[in-house]
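Novice: what shape does this take:
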Amino acid sequence: MSIRSISIGLSCLISFVAWGQVSYDEVFDGEKVRPQYEEYWNIYSRKTEAEKEAFVRNSLKDFKGDNAVHSLPRILTQEESKVLRAGVDQRARALRKFLVEYYKDPKNYQLQQVVPENVVQSALKRSNEIPGVNMAGTHDFNFWYGPDIIRDANGVWRVVEDNTGFVGGMGDLKLARKTLKKNMP
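Specialist: Coordinates of the predicted model:
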């Protein structure tokens, strides 16, 4: 298996073809290892395929069969982290604003035709929402938010899915870090 064809799980690099484009290579810029990966790559590249597969099997055990982590995590620079955090914060604020507006009148998103009504109704059916519920005190309306994020072929961050409410990834992040430390010193 080449380094270009590594398949990866939760909280790790994503290798796939989307919309007919080759994916963004997190580790390599051309033939050169990106600076934030150099130290980790020196360790990872010396591992045998059997050791890499054992890591995935062990992480599956750590996650009690629920998930698995690849031994090569996504490593962000401070600048990448800053850009990503700002985008996630902005998206979360926009979602919150929409939900607060949904529970009160007038619903400007309807008046301005920002979100088609059939999209809203479809989401309500999936969430078992009770129509006509009045959320008094929507200024206190808060929720957990954890989007699933990838980079497109050009390295631009994209949200694949918005996860609101119960975000399972909180515990997964701690466990992924623990698994990496335990199995990939």
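
Novice: distance of Gln112 from Pro106?
Specialist: 10 Å (C-beta to C-beta, to the nearest Å). All C-beta spots, glycine's among them, are computed from the backbone N, C-alpha and C.

Novice: quick one, strands of the chain?
Specialist: Taking DSSP state E to define them, one finds strands in the chain at 17-18, 21-22, 28-29, 32-33, 148-151, 157-161.

Novice: I'd like these laid out as CSV, including mean neighbour count and mean pLDDT.
Specialist: Below are these laid out as CSV (neighbours: other C-beta atoms under 10 Å; pLDDT from 0 to 100):
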stretch, mean neighbour count, mean pLDDT
strand 17-18, 12, 43
strand 21-22, 10, 63
strand 28-29, 12, 94
strand 32-33, 12, 97
strand 148-151, 16, 88
strand 157-161, 12, 87
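
Novice: okay, those in TSV with distance to Phe141 next?
Specialist: As requested, the strands of the chain are arranged in TSV below (distance: least, C-beta to C-beta, whole Å):
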stretch	distance to Phe141
strand 17-18	33
strand 21-22	38
strand 28-29	43
strand 32-33	45
strand 148-151	23
strand 157-161	21
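
Novice: so which of the ones you listed is nearest Lys97?
Specialist: Taking C-beta to C-beta, strand 157-161 is the member of these nearest to Lys97, at 16.3 Å.

Novice: for the closest one, which strands pair with it and how are they oriented?
Specialist: Next to strand 157-161 in the sheet, as set by DSSP bridges, lie strand 148-151 (antiparallel).

Novice: outside of the strand it pairs with itself, list whatever touches it.
Specialist: 14, 18, 23-24, 26, 84, 88, 157-161, 163 (C-beta atoms under 8 Å, 6 or more residues apart in numbering).

Novice: any idea which of those residues is closest to Ser59?
Specialist: Of all the contacts of strand 148-151, Ser59 sits closest to Ile14, with 16.3 Å by C-beta to C-beta.

Novice: lowest average confidence, helix or strand, in this structure?
Specialist: Lowest on mean pLDDT, DSSP states H and E among the helices and strands of the chain sits strand 17-18, with a mean of 43.

Novice: closest to the centroid, which residue in the chain?
Specialist: Asp148 (2.6 Å; C-alpha atoms, centre = their mean).

Novice: what's across from it in the sheet?
Specialist: Note on Asp148: beta-bridge partners by DSSP bridges are Glu161.
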